[in-house]
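> return a 3D structure for these sequence lines:
(one chain, ligands or ions: 1)
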Amino acid sequence: MTTGLPPYDENNIFARILRGEIPSKRVHEDEHAVAFHDINPQAPVHVLVIPRGAYVSLADFSTKASDAEIAGFWRAVGQVARELGLESGGYRALTNMGPEGGQEVPHFHVHLFGGRRLGRMVPGVQG
Ligand code: AMP
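Numbering: from 1, shown residues only. Below is the predicted model of the structure:
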């Protein structure tokens, strides 16, 4: 099946982090997911959770990943937030997809933000 999505770039920065070619401050790793601190944090806690598999974005992951990878990945997202102590105050989980979503790194990742009141979900939207 063709999806119209770009091919996976084996040398994107998160692929290199997964291979250990670039350092990262890891907070969690298991069979399906790795989590590490964002290099340019936008909140007191800002962690990225990525699948080990080669998926460009949520569109790619939701299309091609196995049920076990999808379940394992999303369980890890919740587990990482719990382990970081974010559940009591609350947190935000966010993924950017493609140019209009503002995605910069073409390996699917979920941002976890916490540690302060995060404000509006999408800047610039009135109402
Ligand atoms: P996105 O715009 O959703 O693709 O977000 C990419 C995120 O990756 C940004 O928040 C960057 O600060 C972060 N980032 C880029 N390079 C690294 C790196 N080497 N280690 C950790 N985070 C990174």
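
> tell me which helix or strand in this structure has the weakest average pLDDT.
Least confident helix or strand, the chain: helix 98-101 with a mean of 95, by mean pLDDT, DSSP states H and E.

> quick check: next helix or strand after it?
Going down the chain from helix 98-101, the next helix or strand is strand 110-114, by DSSP states H and E.

> tell me which residues are up against that following strand.
Applying Cβ atoms under 8 Å, 6 or more residues apart in numbering, the contact partners of strand 110-114 are 35, 38, 42-50, 77, 80-81, 84, 86, 89-96. In this view, the C-beta of every residue, glycine as well, is placed from N, C-alpha and C.

> in helices, which of those residues appear?
Judged by DSSP state H, the subset of the contacts of strand 110-114 located in helices is 77, 80, 81.

> helix, strand or coil for residue 63?
Following DSSP: H, G, I helix; E, B strand; the rest coil, the label given to residue 63 is helix.

> number of residues surrounding it?
Residue 63: 12 surrounding residues under other Cβ atoms under 10 Å.

> the longest strand seen in the chain versus strand 110-114: what angle between them?
Secondary structure of the chain read by DSSP state E shows that its longest strand is strand 45-51. Per axes from the mean of the first three to the mean of the last three Cα atoms, to 10 degrees, the angle that strand 45-51 makes with strand 110-114 is 160 degrees.

> just checking, what packs against strand 45-51?
Other elements packing on strand 45-51 under the criterion 3 or more Cβ pairs under 8 Å, 6 or more residues apart in numbering; DSSP states H and E are helix 13-18, strand 33-37, helix 67-83, strand 110-114.

> swap in 7 Å and give it another go.
strand 33-37, helix 67-83, strand 110-114 (3 or more Cβ pairs under 7 Å, 6 or more residues apart in numbering; DSSP states H and E).

> adding distance to the ligand and mean pLDDT as columns, could you present those in a markdown table?
Below are the helices and strands packed on strand 45-51 laid out as a markdown table (distance: least, Cβ to the nearest ligand atom, whole Å; pLDDT from 0 to 100):
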| stretch | distance to the ligand | mean pLDDT |
| --- | --- | --- |
| strand 33-37 | 6 | 98 |
| helix 67-83 | 14 | 98 |
| strand 110-114 | 6 | 98 |
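
> that's all I had, so thanks and see you.
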